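*Asks:* Got a sequence here, can you model it:
(chains A and B)
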Amino acid sequence: MKILVVDDYATMRRIVRNLLTQIGYNDVDEAGDGVSALQKLRADKFGLVISDWNMEPMTGLQLLKEIRADNKLSGTPFIMVTAESKTENVVAAKEAGVNNYIVKPFNAETLKQKIQSVIGG
Amino acid sequence: MNPQGSKTRRPFMAELQQLKRLGAALSGEGQAAEALGNGAANGAVTTVAEVDQTEVLSAIADLSAKLDRFINNDQIEIEKIQIEISDIAGRIKATKAEMAALRHPLADEDRFQAASEELTAVVSATESATHTIMSAAEEIDGIVHELKSTLPSDSYNAGRVHDLAEQVTKIYEACNFQDLTGQRINKVVRALSFIEERVEAMMSVWNKKEFELMPLPPGLYKRDDGLDLHGPNEVNANKGMISQADIDALFG
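*Replies:* As a prediction, this is how the structure comes out:
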């Protein structure tokens, strides 16, 4: 399964990629914002999107809505990995169709659990 | 009307003096005094009054001209002062608006406090991360020392363990950043506190109600779809900041 990691902070993408490798997911691609993420999603097949929320020019929530509104991409599992922990933000993400939500900082075990709960296995 | 009921008015002192000078010119002081006593004074006063009227009118005209010049000049000065007062009033209003933007009495967020809290959280987070890095480095250091004691000092592995020990030292050195950044950030927090006190002092000079009527400043945080984006947050149920466990509960 190919995973797309979306975060505007390169170090964070590197951390997530390394953690994914540690927990057994080696096929990982990265995008620095929502726009380039959408381009990659439309150009390739991904089994999971792990995205930050607070990005420019397209936020993680906007990316999620774009994915859910796209017939070809709407079924793609989406995990939000963000520092935003306000209830209303989590609820809004859930209403927009997020499959799971991880608050930063997080560890490999949390990431593993959330991925497994989303894609199974 | 004079006290004697006479229709002839009493001469003014100026008139008498004028008459005196006139009398002296005509026939000396004695004649002038007599003229005053035998009714000739009335005729003389009339003459003096006629003379004075011309002079008074002239003086009034002169005074009026002076007054006109004064008023005209003064009007220009008054207009200048009015412009300056208006300018000062504008500046005071702008300053008040800026102060209100910094610390609006009705604002939900205290920007100075929020900034101080964010900076304090930065210090705390970097401190925590540094402790973790240091603990890991100390653990590696312990292993290095253990390996050193079991390896022949001239072996390849002993050399690599020595290299490893050097890298651990570099980690320790790099961890100094936390102490330095912590101190710098604490300085900024103190500076913010100082500025906050000064702003409060300036605002206390004015009526608090004035600031309440001013428009609320725009929020500091980015918004997306009507939602504030101001993470990272400490878990605080009162402010709606929930934990990962709470989030997990929302997802069933």
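*Asks:* After the one helix or strand residue B:157 maps to, which helix or strand is next? Please name it.
*Replies:* Following DSSP states H and E, one finds residue B:157 within helix B:156-174. Counting by DSSP H and E, the element after helix B:156-174 in chain order, helix or strand, is helix B:176-205.
*Asks:* Quick one: mean pLDDT over that next one.
*Replies:* Mean pLDDT, helix B:176-205: 85.
*Asks:* Over to stretch A:105-114?
*Replies:* For stretch A:105-114, the mean per-residue pLDDT is 90.
*Asks:* try stretch A:12-30
*Replies:* 88.
*Asks:* quick one: it near chain B?
*Replies:* No: counting by C-beta under 8 Å from any C-beta of the partner chain, no contacts exist between stretch A:12-30 and chain B, the nearest distance being 12.1 Å. (C-beta placed from N, C-alpha, C; glycine too.)
*Asks:* how far does that stretch stretch from start to finish?
*Replies:* 11 Å (C-alpha to C-alpha, to the nearest Å).
*Asks:* Against which helices or strands is the helix or strand hosting residue B:97 packed?
*Replies:* If you go by DSSP H and E, residue B:97 is part of helix B:40-102. Packing contacts for helix B:40-102, counted by 3 or more C-beta pairs under 8 Å, 6 or more residues apart in numbering or on different chains; DSSP states H and E, involve helix B:13-37, helix B:176-205, helix B:208-213.
*Asks:* got the angle between it and helix B:176-205?
*Replies:* 150 degrees (axes from the mean of the first three to the mean of the last three C-alpha atoms, to 10 degrees).
*Asks:* Packing partners of the helix or strand following helix B:40-102?
*Replies:* Per DSSP H and E, the first helix or strand lying C-terminal to helix B:40-102 is helix B:111-150. With contacts defined as 3+ C-beta pairs under 8 Å, 6+ apart, the packing partners of helix B:111-150 are helix B:156-174, helix B:176-205.
*Asks:* How about the longest one and chain A, any contact?
*Replies:* Read it as helix B:176-205. No: applying C-beta under 8 Å from any C-beta, one finds helix B:176-205 separated from chain A by no less than 15.3 Å.
*Asks:* The first one now?
*Replies:* No: interface with chain A: helix B:156-174 contributes nothing (C-beta under 8 Å from any C-beta), its closest point being 15.3 Å away.
*Asks:* Put the alpha carbons of stretch A:60-74 into PDB.
*Replies:* Presented in PDB, the C-alpha positions along stretch A:60-74 are these (Å, rounded to 0.1, in the frame of the first residue of the first chain):
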ATOM      1  CA  GLY A  60      -5.600  19.700   5.200                       C
ATOM      2  CA  LEU A  61      -9.400  20.200   5.700                       C
ATOM      3  CA  GLN A  62      -9.700  21.700   2.200                       C
ATOM      4  CA  LEU A  63      -7.700  18.800   0.800                       C
ATOM      5  CA  LEU A  64     -10.000  16.300   2.600                       C
ATOM      6  CA  LYS A  65     -13.100  18.000   1.200                       C
ATOM      7  CA  GLU A  66     -11.500  18.000  -2.300                       C
ATOM      8  CA  ILE A  67     -10.800  14.300  -2.000                       C
ATOM      9  CA  ARG A  68     -14.300  13.500  -0.700                       C
ATOM     10  CA  ALA A  69     -15.800  15.500  -3.500                       C
ATOM     11  CA  ASP A  70     -13.800  13.700  -6.200                       C
ATOM     12  CA  ASN A  71     -15.500  10.600  -7.500                       C
ATOM     13  CA  LYS A  72     -12.200   8.800  -8.200                       C
ATOM     14  CA  LEU A  73     -10.600   9.700  -4.800                       C
ATOM     15  CA  SER A  74     -13.500   9.900  -2.500                       C
END
